[in-house]
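Asker: here is my input; please provide its structure:
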Amino acid sequence: MNKKILTMELLDGIYGVCRLDKNELIPNWAQNGDFFSITRTADELSIVCSEEFIPSDVKCEGDWRILKIKGPLVFSLVGILASISTILAQKGITIFAISTYDTDYILVKNKDIDNTVEALVNERYEVIC
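Answerer: Numbers count the residues shown, from 1 in each chain. Here you go, the predicted structure:
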């Protein structure tokens, strides 16, 4: 019997990864929808949110889908992102990863979502679409 390694869920929607100036205020449009992630560093303000809310004048890479690793995951687990990124890298699939306290999210381009799901399922990941 092939035991599943982890379960992942494909979230609804199309997302964008935006770059704003490091000194900008967090815009209201970024906080709409069921999923958004905001990171400020010394160099930039990076926002991942539903593409439908992103103004056309914002620097953005769009057309991303999100796979959520079903959690919560304990901090002592190692190699989760490494395993997933290796599987997808071998298929030539680019990822953008986001980690939260409870779990990890893997963003892949919409054009690659079918190949992503197939690659993960072939490596014993369960993917709920």
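Asker: show me where the chain has strands.
Answerer: Using DSSP state E, the strands found in the chain span residues 7-10, 15-20, 37-40, 45-50, 60-69, 95-99, 104-109, 126-128.
Asker: packing partners of the longest one?
Answerer: When you say that, I think you mean strand 60-69. strand 7-10, strand 15-20, strand 104-109, helix 113-122 (3 or more C-beta pairs under 8 Å, 6 or more residues apart in numbering; DSSP states H and E). Bear in mind the C-beta positions are built from the backbone N, C-alpha and C, glycine included.
Asker: now with 7 Å?
Answerer: strand 7-10, strand 15-20, strand 104-109 (3 or more C-beta pairs under 7 Å, 6 or more residues apart in numbering; DSSP states H and E).
Asker: how far away is residue 100 from residue 71?
Answerer: Separation of residue 100 from residue 71 (C-beta to C-beta, to the nearest Å) stands at 8 Å.
Asker: neighbour count: these two, which is higher?
Answerer: residue 71 (15 against 12; other C-beta atoms under 10 Å).
Asker: what number of residues lie near the closest residue to the more buried one other than its chain neighbours?
Answerer: Excluding the flanking residues, the one nearest residue 71 by C-beta to C-beta, 6 or more residues apart in numbering is residue 103, at 3.3 Å. Per other C-beta under 10 Å, the neighbour tally for residue 103 reads 16.
Asker: please apply the same query to the one 4 residues further on.
Answerer: As a burial measure, the neighbour count of residue 107 was computed by other C-beta under 10 Å and equals 20.
Asker: surely it meets residue 96?
Answerer: Yes. Between residue 107 and residue 96 there is a contact under C-beta atoms under 7 Å: 4.1 Å.
Asker: what sits in contact with each of these two?
Answerer: By C-beta atoms under 7 Å, 6 or more residues apart in numbering, residue 107 and residue 96 have these common neighbours: residue 64.
Asker: hmm, who's touching stretch 97-110?
Answerer: By C-beta under 7 Å, 6+ apart, stretch 97-110 touches 14-15, 37, 48, 63-69, 71-73, 80-81, 84, 93-96, 116.
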